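Chemist: here is my input; please provide its structure:
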Amino acid sequence: MPDFTLVPARELAKHKRRFPNESDDYRRARQALLAEEIELRRHIERVAERRRKLPPGGEVMEDYRFDSESGPRAFADLFGDKPTLVTYNWMYGPWREQPCPMCTSLLSGLDGEMPDILQRIAFAVIARSPIERLVAFKKERGWRHLKLYSSANNSFNKDYAHEDPADGDNAAFNVFSRDGKTIRHFWGDEMGMESADPGQDPRGAVDAMPLWKILDITPEGRGTDWYPKLEYGK
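Modeler: Numbers count the residues shown, from 1 in each chain. Here you go, the predicted structure:
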């Protein structure tokens, strides 16, 4: 961000907006919370700026080959005409009867955002199940815009989602940049179970879940005994 002199958050939190029948106690607590929300917004901006200033990441030397909905594709093909590619490793390996509900909830939200996202970057959803299986679930779920790729025959998941091929699968965001024929890793999600705080879901600091963003503004919050499902009873 430009080097502006920022007004203290507690000053910005002072405004004349009020809601019907609120108490003085509520207003004092709400304005104190608003100051914290302003500080959080500022911290998110500072972290994003530091991320953009990362030194060049490691060059991608492996010529990964994927199966796509329209045939075989090299890793470079996933960029299309964009210089930046975001990948999401979907927890839907061939040993799973069904995909991870949390991953599926996330991807359902992103599918609606894809027409906007794809204006600026390329986005690829990668899983180790055969492409036919991925496409069948895409149709069942009603996804329209997500681009799916099977990594069944390469080591992408092992290299960039830190999966053990003999074990389960991991969800992971990664960002890659292309300059001419050179592709480099820019950023990857490095927060998992080992860095989770007590009693919290082991999510990354870049939380792309629309579900959580809505639940976080409710009195009940995310809860401790609830998890998304692929289907709900009528």
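
Chemist: contacts, neighbours, all on C-alpha from now
Modeler: Noted.

Chemist: per-residue pLDDT, the residue positioned nearest the centre of the chain?
Modeler: Nearest residue to the geometric centre of the chain (C-alpha atoms, centre = their mean): Ala208, 4.0 Å. What the model reports as pLDDT for Ala208 is 76.

Chemist: which SS class is it?
Modeler: The three-state assignment at Ala208 reads coil, by DSSP: H, G, I helix; E, B strand; the rest coil.

Chemist: same deal with Pro219?
Modeler: Counting by three-state DSSP, the backbone at Pro219 sits in coil.

Chemist: counting neighbours, what do you get for it?
Modeler: The tally of other residues near Pro219 (other C-alpha atoms under 10 Å) stands at 8.

Chemist: got phi/psi on it?
Modeler: phi -60, psi -30 (degrees, to the nearest 10).

Chemist: rewinding a little: so the residue nearest to the centre of the chain versus Pro20, what's the distance?
Modeler: Ala208 sits 33 Å away from Pro20, going by C-alpha to C-alpha, to the nearest Å.

Chemist: check which helices and strands the one helix or strand Val47 maps to sits against.
Modeler: Assigned by DSSP states H and E, Val47 belongs to helix 24-52. Identification of packing neighbours for helix 24-52 by 3 or more C-alpha pairs under 8 Å, 6 or more residues apart in numbering; DSSP states H and E yields helix 9-12.

Chemist: all helices of this protein, in order?
Modeler: 9-12, 24-52, 101-117, 131-141, 156-160, 210-215 (DSSP state H).

Chemist: what's in contact with the last one?
Modeler: Right, the one you point to is helix 210-215. For helix 210-215, the external contacting residues (C-alpha atoms under 8 Å, 6 or more residues apart in numbering) are Ser105, Leu106, Gly109, Gly221, Arg222.

Chemist: what sits against Asp167?
Modeler: Going by C-alpha under 8 Å, 6+ apart, Asp167 touches no other residue.

Chemist: could you shift the numbering so residue one becomes 857, and keep it that way?
Modeler: Sure, I'll start numbering at 857, so the last one becomes Asp1023.

Chemist: low pLDDT regions in the protein?
Modeler: Where the chain drops to pLDDT under 70, the residues are 857-859, 1048, 1051, 1056-1062, 1090.

Chemist: tell me how it divides into domains.
Modeler: Here the domain assignment for the chain is 857-909, 921-1044, based on automatic domain parsing.

Chemist: out of these, which is the most enclosed?
Modeler: domain 921-1044 (a mean of 17; mean count of other C-alpha atoms under 10 Å).

Chemist: now do the same end-to-end measure for that one.
Modeler: End-to-end distance of domain 921-1044 (C-alpha to C-alpha): 20 Å.

Chemist: kindly report the same for stretch 965-982.
Modeler: Using C-alpha to C-alpha, the end-to-end distance of stretch 965-982 comes to 16 Å.

Chemist: so how far is it off the chain centroid?
Modeler: Centroid separation for stretch 965-982 versus its chain: 11 Å, with C-alpha atoms, centre = their mean, to the nearest Å.

Chemist: ok, and what's touching it?
Modeler: Against stretch 965-982 from outside (C-alpha under 8 Å, 6+ apart): 934-936, 938-946, 999-1007, 1065-1066.
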